[in-house]
Every structure is written in C-alpha cells, then in structure tokens.
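K.L.:
turn this into a model:
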Amino acid sequence: MSQFLKTAINACAAFLAMSVSAMAQDGSGAASLSGVGAGIVVIGAGLGIGKLASAAFESMARQPEVANDIKGAMIIVAAMVEGAAVIGLIVCMIK
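P.N.:
Have a look, this model is predicted:
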C-alpha cells in the first residue's frame with residue numbers, strides 16, 4: 001500500500017473520530033461537519049477534473065487528428081462531474 005493511501009486513510013479515520021464528538025453537541029458541531037464534507041466534495045471534484053483533463057490533453061497530443069472529438073467528450077464529462085459535485089455540496093449543506 002502506498003504511503004499516500006495510508007496517509008489518506010488515517011486522515012479519514014481522524015475526521016470520523018472527531019465527528020463523533022461533534023455530533024454529540026447540541027447542534028453547533030453539525031455546521032463544522034458539513035463544512036468538512038463540502039471540502040471533501042470539492043477536493044474530489046477537483047482531482048477528478050484534473051485527471052480527466054490530463055488524460056484528454058495527453059491523448060490529444062498523441063492523436064491530434066481527433067482532438068475536437070476528445071475535447072467535446074472531455075467537456076461533457078467535466079460538466080457531469082461538476083453536477084455531481086454540486087449535488088454533493090447541496091447534500092452536505094442540508095441539515
């Protein structure tokens with residue numbers, strides 16, 4: 001298992017451990033917990049779109065004759081990822 005994956009798992013475990021005490025509060029901890037969830041959604045969407053763009057640009061460099069088709073598909077998929085991120089943000093913000 002890579003060092004990055006171990007660190008990410010430990011960070012998620014720490015967030016979950018902190019959320020138990022936040023949920024036990026009288027409601028003041030729920031706002032900070034939704035902020036953490038929204039941050040995770042935004043980071044995930046950013047990483048996904050970055051990987052998508054990286055792969056699309058690499059494939060455009062390898063086959064320039066199909067660059068327009070790849071660009072169109074990339075824009076459609078990026079819009080779908082953004083839509084999923086917006087839905088995730090809305091779910092995180094609803095109490």
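K.L.:
roughly how far apart are whatever residue is furthest in space from the centre of the chain and E58?
P.N.:
What lies farthest from the middle of the chain is E65; by C-alpha atoms, centre = their mean that is 31.6 Å. Between E65 and E58 the computed distance is 15 Å (C-beta to C-beta, to the nearest Å). Using the backbone N, CA and C atoms, a C-beta is placed for each residue, glycine as well.
K.L.:
over to S34?
P.N.:
As judged by C-beta to C-beta, S34 and E58 stand 36 Å apart.
K.L.:
more neighbours: which of the two?
P.N.:
Ranked by neighbour count (other C-beta atoms under 10 Å), S34 and E58 place S34 first, with 16 against 10.
K.L.:
and the nearest residue to the more buried one once chain neighbours are set aside, how many neighbours does it have?
P.N.:
Residue nearest to S34 in three dimensions, not counting chain neighbours: C92, with 4.9 Å by C-beta to C-beta, 6 or more residues apart in numbering. Residues lying near C92 (other C-beta under 10 Å) number 18.
K.L.:
go ahead and confirm C92 touches V42.
P.N.:
No: the pair C92 / V42 is not scored as a contact, 9.7 Å apart, by C-beta atoms under 8 Å.
K.L.:
measure F57 to V36 for me?
P.N.:
F57 is 32 Å from V36, where distance means C-beta to C-beta.
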